[in-house]
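Chemist: from the sequence below, what's the structure:
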Amino acid sequence: MLILIGAFWFFAFLMLSIRASFATPWSFDVVAPRRLLTAAFGTALCLAMAYILDGLRSLSFSRRVICGLVGALVMAVLIAMFSLTLNRVIAPLPDTSGISASESAQWIMAWFGYTLAWTGTHLALVYHWEAEDQLRRALVLQELAQKSKVAALQYQINPHFLFNTLNSISALVLERRNRQAEAMLLNLSTFIRAAAGR
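Modeler: Alright, predicted model coming up:
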């Protein structure tokens, strides 16, 4: 999860820095530290969101998706407000004015795309890991069921059963009924092999 968060924020930092180099008059050395602070803040939010979603594992997956959508929107608002406050109030960029509602809405929508992508990826990975976990459990249960079945068959093969079957085969051989004795031996072999689970 840490790798996913780190990769996501590295990508966000890279894309926003490239965008800023084309769309704004400020140099990279002016915007890069601000982008790094925003990325650090966003990383903290993603860690918190991952922790919250992990705590909601008892909910159905569809409910977790709804919580993820709401969480992505909240994260987008917080990141946009952090970035705008940093760039317009705490350390204003040259030639910028205060925070406007329309610019705030634009940044919230832009960040919502990013946070929604991260949340969706997170939920998809968690779903994948849970599915793998359930498959492993199902295989273990299937193996236990098979072992129980074999144990039950082995229990059925008691000494009296074997003694009676071998006596019957012996009697058939003494009576020179070799085909029937051979068929009985093959049936016994098949039964024992099935009981042994082979």
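Chemist: residue 184 is in contact with residue 168, correct?
Modeler: Yes. The criterion here is C-beta atoms under 8 Å, and residue 168 meets it with residue 184 at 6.5 Å. From N, CA and C alone the C-beta is placed, and that goes for glycine too.
Chemist: between these two, tell me which one has more neighbours.
Modeler: residue 184 (17 against 14; other C-beta atoms under 10 Å).
Chemist: and the closest residue to the more buried one other than its chain neighbours, how many neighbours?
Modeler: Once flanking residues are discounted, residue 184 sits nearest to residue 169: 5.2 Å by C-beta to C-beta, 6 or more residues apart in numbering. Around residue 169 there are 19 other residues, counting by other C-beta under 10 Å.
Chemist: shouldn't residue 169 be in contact with residue 178?
Modeler: No. The criterion here is C-beta under 8 Å, and residue 169 misses it with residue 178 at 10.4 Å.
Chemist: and the residue lying farthest from the centre of the chain, its phi and psi?
Modeler: Ranked by distance from the centre of the chain (C-alpha atoms, centre = their mean), the top residue is residue 175, with 67.4 Å. With angles defined as degrees, to the nearest 10, residue 175 sits at phi -90, psi 0.
Chemist: any idea of the pLDDT on it?
Modeler: Predicted confidence (pLDDT) for residue 175: 90.
Chemist: and the gap between it and residue 162?
Modeler: Distance of residue 175 to residue 162, given as C-beta to C-beta, to the nearest Å: 21 Å.
Chemist: buried ones in stretch 36-43?
Modeler: 37, 38, 39, 41, 42, 43 (16 or more other C-beta atoms under 10 Å).
Chemist: helices or strands up against the longest helix belonging to the chain?
Modeler: Longest helix in the chain by number of residues (criterion: DSSP state H): helix 101-156. Helices and strands touching helix 101-156, as assessed by 3 or more C-beta pairs under 8 Å, 6 or more residues apart in numbering; DSSP states H and E, comprise helix 2-23, helix 28-55, helix 61-85, helix 178-195.
Chemist: tell me which two of the buried residues of stretch 36-43 sit farthest apart.
Modeler: Within those, 37 and 43 form the most distant pair, 10.7 Å apart (C-beta to C-beta).
Chemist: if we can go back for a sec, let me have the helices and strands packed on helix 101-156 in JSON lines, extended by distance to residue 135 and mean pLDDT.
Modeler: Below are the helices and strands packed on helix 101-156 laid out as JSON lines (distance: least, C-beta to C-beta, whole Å; pLDDT from 0 to 100):
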{"stretch": "helix 2-23", "distance to residue 135": "22", "mean pLDDT": "80"}
{"stretch": "helix 28-55", "distance to residue 135": "20", "mean pLDDT": "85"}
{"stretch": "helix 61-85", "distance to residue 135": "16", "mean pLDDT": "92"}
{"stretch": "helix 178-195", "distance to residue 135": "27", "mean pLDDT": "84"}
